[in-house]
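K.L.:
the following comprises the amino acid sequence and a computationally predicted model.
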Amino acid sequence: MDVTPLPARPRVLVIDDSLTMRHMLGAILKSEYEVTLAASGAEGLALAASGAPALILLDVVMPDLDGHEVLRRLKAEAGTASIPVVFVTGLDGPAGGAPAGPDGAAGYVAKPLKPEAVRAEVARHLKPRAEPVPLPV
């Protein structure tokens, strides 16, 4: 009997100092993704370095390292530089995490969270890229 293993679910790392936000994001994503939770910027950096996730959801305002500093450190390391990072923020404007900003953020999700918006933003960055179709000769 031929048993084909199921493909691994992409891992999403949620970095947020709020226990409530971590649990809400985990609940929104757990049916489609393997979700890992980090309670601080330092913990998130360590988890990202120990096993690169497919995507990181990152709170902008945190007491130890803010989201911009965490993002800067992620982009400075070869092992984590290519991971898409999506800011989770209640702030408005570029300081809050405008999409695809010069700091390297791939996008953002606004608080208060809308589950469909979170799922759509995560899927946008994790959907498989189509293979190019060769042109006939």
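P.N.:
Yep, that arrived. Given the structure is predicted, the values throughout are model-derived calculations rather than measurements.

K.L.:
quick one: the strands in this structure, in order.
P.N.:
11-15, 34-38, 55-59, 85-89, 107-110 (DSSP state E).

K.L.:
pipe those into a markdown table and attach mean neighbour count, mean pLDDT and distance to residue 26 per row.
P.N.:
C-beta: built from backbone N, CA, C; applies to glycine. Formatted as a markdown table, these follow (neighbours: other C-beta atoms under 10 Å; pLDDT from 0 to 100; distance: least, C-beta to C-beta, whole Å):
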| stretch | mean neighbour count | mean pLDDT | distance to residue 26 |
| --- | --- | --- | --- |
| strand 11-15 | 24 | 97 | 6 |
| strand 34-38 | 19 | 97 | 5 |
| strand 55-59 | 28 | 97 | 10 |
| strand 85-89 | 24 | 93 | 12 |
| strand 107-110 | 20 | 90 | 14 |
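
K.L.:
make CSV out of those strands and add distance to residue 67.
P.N.:
Output for those, formatted as CSV (distance: least, C-beta to C-beta, whole Å):
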stretch, distance to residue 67
strand 11-15, 8
strand 34-38, 12
strand 55-59, 5
strand 85-89, 6
strand 107-110, 10
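
K.L.:
now the residue nearest the centre of the chain: how far from residue 124?
P.N.:
With distances taken as C-alpha atoms, centre = their mean, residue 56 lies nearest the centre of the chain, 2.1 Å away. Distance of residue 56 to residue 124, given as C-beta to C-beta, to the nearest Å: 14 Å.
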